[in-house]
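Engineer: no FASTA, just this:
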């Protein structure tokens, strides 16, 4: 299988998340992508409107150190491809047997539903520890491939595997000849690109054309003064981007919840996406568009019901791992434990993929530590989640009303009602689950740790 830029970013992000308790930042991803494309620090800085000294003297050295520690091999600007590829291959080979035992999604829908297993090389493979959701993947694949103008909404807390699901789907759709764009709003500079709708939409269109490897024609079609930014953007898609060939275009926009705190932006942008979805009902050109919107929280935003993309299309919510999936996940790391201990682990961590992965990665690297010991120390200052949980607590302390609301949630015996804006923020941090108007801790680990150590 080819190892490309998207896989490199995914692998680097996973490695850093597991080993350093945080994902790569927006600017770190920009530097990684620039270095992969062999751009100079001057070019990376200029393209993203940063100072060269900030990129070359601050961000880059720390990033290479971070990656080197995460993958266990020296990483530098001019020699990052091979180390990342070797790390990816090592992880893949370690888990190849379990991955090929029915885990790979194939381009045939009947295979997606489990009638036949594909070889690993036939389909897109997310990072090797990804656990597939066959029914979800089959429904998403069918919707995007066979339903013109379709829209899929993927919602789940952070670090639940949304990006891997998207990569898996996109890989399969590419084999069917569909054009794809996978764009995350984390790549935008919020201070600059989120300042007004015209700047944001031009940034958006530019990144789409770059993903499609098309020559920019923005200046030819853009006339914000007379037509407005939304009409200019729509015209650009209809007359240029969609018009390149007859192949459908799958446009995935990840981390759309970053716009939820920018009312002036989200009203225009989400209304625009809804209008494109509606156009596909009657206009042939727009039938070629397929939209995927991915977000980590509920859309607690004020939108006219007829202008929101969050009440149409096919909704997807990634579930936490159940006990059989957690057992399979452990096997990906070459680990096996008694079912009763695994049940305790799932109960403590709520089946959260990131928390499980961190535990299994630690136990694999420290074979002298038993799962029982890991369970006992997990919610304490001696546990492997200490730095991760302390970072969350520091975020809470920066906003006293948020800290108070979270304290109310973890001290209650039953789910409680808290202010919607606070529930949104706590859910965005992954600390709580929201069910209607009620909130509860996302997992027992959070309740135990923060009650004892906060």
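Structural biologist: On my side now, so go ahead. Note that this is a predicted model, so its numbers are computed, not measured. Numbering: from 1, shown residues only.

Engineer: looking at this protein, which helix or strand does the model trust least?
Structural biologist: helix 96-100 (a mean of 38; mean pLDDT, DSSP states H and E).

Engineer: Just the helices from the stretch 1-150 of the chain, written as ranges.
Structural biologist: With helices called from DSSP state H, counting those that start in this stretch, the stretch 1-150 of the chain shows them at 5-20, 26-36, 41-48, 52-53, 60-71, 81-94, 96-100, 109-112, 134-146.

Engineer: The second one versus helix 41-48: what angle between them?
Structural biologist: Using axes from the mean of the first three to the mean of the last three Cα atoms, to 10 degrees, the interaxial angle of helix 26-36 with respect to helix 41-48 works out to 130 degrees.

Engineer: from the middle of its chain, how far away would helix 26-36 be?
Structural biologist: Remark: helix 26-36 is offset 16 Å from the chain centroid, using Cα atoms, centre = their mean, to the nearest Å.

Engineer: So which other helices or strands are in contact with it?
Structural biologist: Using 3 or more Cβ pairs under 8 Å, 6 or more residues apart in numbering; DSSP states H and E as the contact criterion, the elements in contact with helix 26-36 are helix 5-20, helix 41-48, helix 60-71. For the C-beta atoms, the positions are set from N, CA and C on the backbone; glycine is no exception.

Engineer: And the average pLDDT for that helix is what?
Structural biologist: For helix 26-36, the mean pLDDT works out to 87.

Engineer: Does residue 275 touch residue 234 like I think?
Structural biologist: Yes: between residue 275 and residue 234 there is a contact at 7.3 Å, judged by Cβ atoms under 8 Å.

Engineer: Those two: which has the busier surroundings?
Structural biologist: The residue with more neighbours, out of residue 275 and residue 234, is residue 234; 19 against 15, by other Cβ atoms under 10 Å.

Engineer: And for residue 381, the neighbour number?
Structural biologist: 12.

Engineer: what's it sitting at in phi/psi?
Structural biologist: Reported as degrees, to the nearest 10, the phi and psi values for residue 381 are phi -70, psi -20.

Engineer: roughly how far apart are the residue nearest to it when sequence neighbours are not counted and residue 447?
Structural biologist: Of all residues not flanking residue 381 in the chain, residue 453 sits nearest, at 6.0 Å (Cβ to Cβ, 6 or more residues apart in numbering). Remark: distance between residue 453 and residue 447 (Cβ to Cβ, to the nearest Å) = 12 Å.

Engineer: On the three-state scheme, residue 292 is what?
Structural biologist: Taken by DSSP: H, G, I helix; E, B strand; the rest coil, the conformation at residue 292 corresponds to strand.

Engineer: Okay, and the beta partners of it?
Structural biologist: Beta-bridge pairing for residue 292 (DSSP bridges): residue 152, residue 252.

Engineer: Pull the number of nearby residues for it.
Structural biologist: 29.

Engineer: check contacts around it.
Structural biologist: Applying Cβ atoms under 8 Å, 6 or more residues apart in numbering, one finds that residue 292 lies in contact with 144, 151-152, 154, 166, 169, 250-253.

Engineer: change it to 7 Å
Structural biologist: 152, 154, 166, 250, 252 (Cβ atoms under 7 Å, 6 or more residues apart in numbering).

Engineer: go on, residue 415?
Structural biologist: The contact partners of residue 415, taken as Cβ under 7 Å, 6+ apart, are 435, 438-440.

Engineer: now do residue 293
Structural biologist: Contacts of residue 293 (Cβ under 7 Å, 6+ apart): 153, 253, 256, 309.

Engineer: Let me have those in JSON lines, adding distance to residue 392 as columns.
Structural biologist: Conversion of the contacts of residue 293 to JSON lines gives the following (distance: Cβ to Cβ, whole Å):
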{"residue": "153", "distance to residue 392": "26"}
{"residue": "253", "distance to residue 392": "27"}
{"residue": "256", "distance to residue 392": "23"}
{"residue": "309", "distance to residue 392": "30"}
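
Engineer: Which among those residues count as buried?
Structural biologist: Among the contacts of residue 293, those classed as buried by 16 or more other Cβ atoms under 10 Å are 153, 253, 256, 309.

Engineer: which one of the residues you listed is nearest residue 80?
Structural biologist: residue 253 (27.1 Å; Cβ to Cβ).

Engineer: tell me the domain ranges of this protein?
Structural biologist: If you go by automatic domain parsing, the domain ranges for the chain are 5-94, 134-317, 323-378, 387-453.

Engineer: which residues in the stretch 151-300 of the chain form helices?
Structural biologist: Along the stretch 151-300 of the chain, counting by DSSP H, counting those that start in this stretch, helices occupy 162-175, 190-193, 197-211, 218-221, 229-236, 263-279, 284-287.

Engineer: Out of the ones you listed, flag the one nearest residue 421.
Structural biologist: Among those, the nearest to residue 421 by Cβ to Cβ is helix 263-279 (12.5 Å).

Engineer: Quick one: list the elements packing against that closest one.
Structural biologist: helix 197-211, helix 229-236, strand 289-295 (3 or more Cβ pairs under 7 Å, 6 or more residues apart in numbering; DSSP states H and E).

Engineer: hmm, who's touching it?
Structural biologist: 149, 151, 194, 197, 200, 230, 233-234, 259-260, 286, 289, 291, 301, 303, 307-309, 312-313.

Engineer: and the helices and strands packed on helix 26-36 as CSV, adding mean pLDDT, distance to residue 28 and mean neighbour count?
Structural biologist: Below are these laid out as CSV (pLDDT from 0 to 100; distance: least, Cβ to Cβ, whole Å; neighbours: other Cβ atoms under 10 Å):
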stretch, mean pLDDT, distance to residue 28, mean neighbour count
helix 5-20, 81, 8, 20
helix 41-48, 81, 11, 17
helix 60-71, 89, 5, 18
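
Engineer: Specify the stretch among these that is closest to residue 321.
Structural biologist: From the helices and strands packed on helix 26-36, taking Cβ to Cβ, the stretch that ends up closest is helix 5-20, at 16.0 Å.
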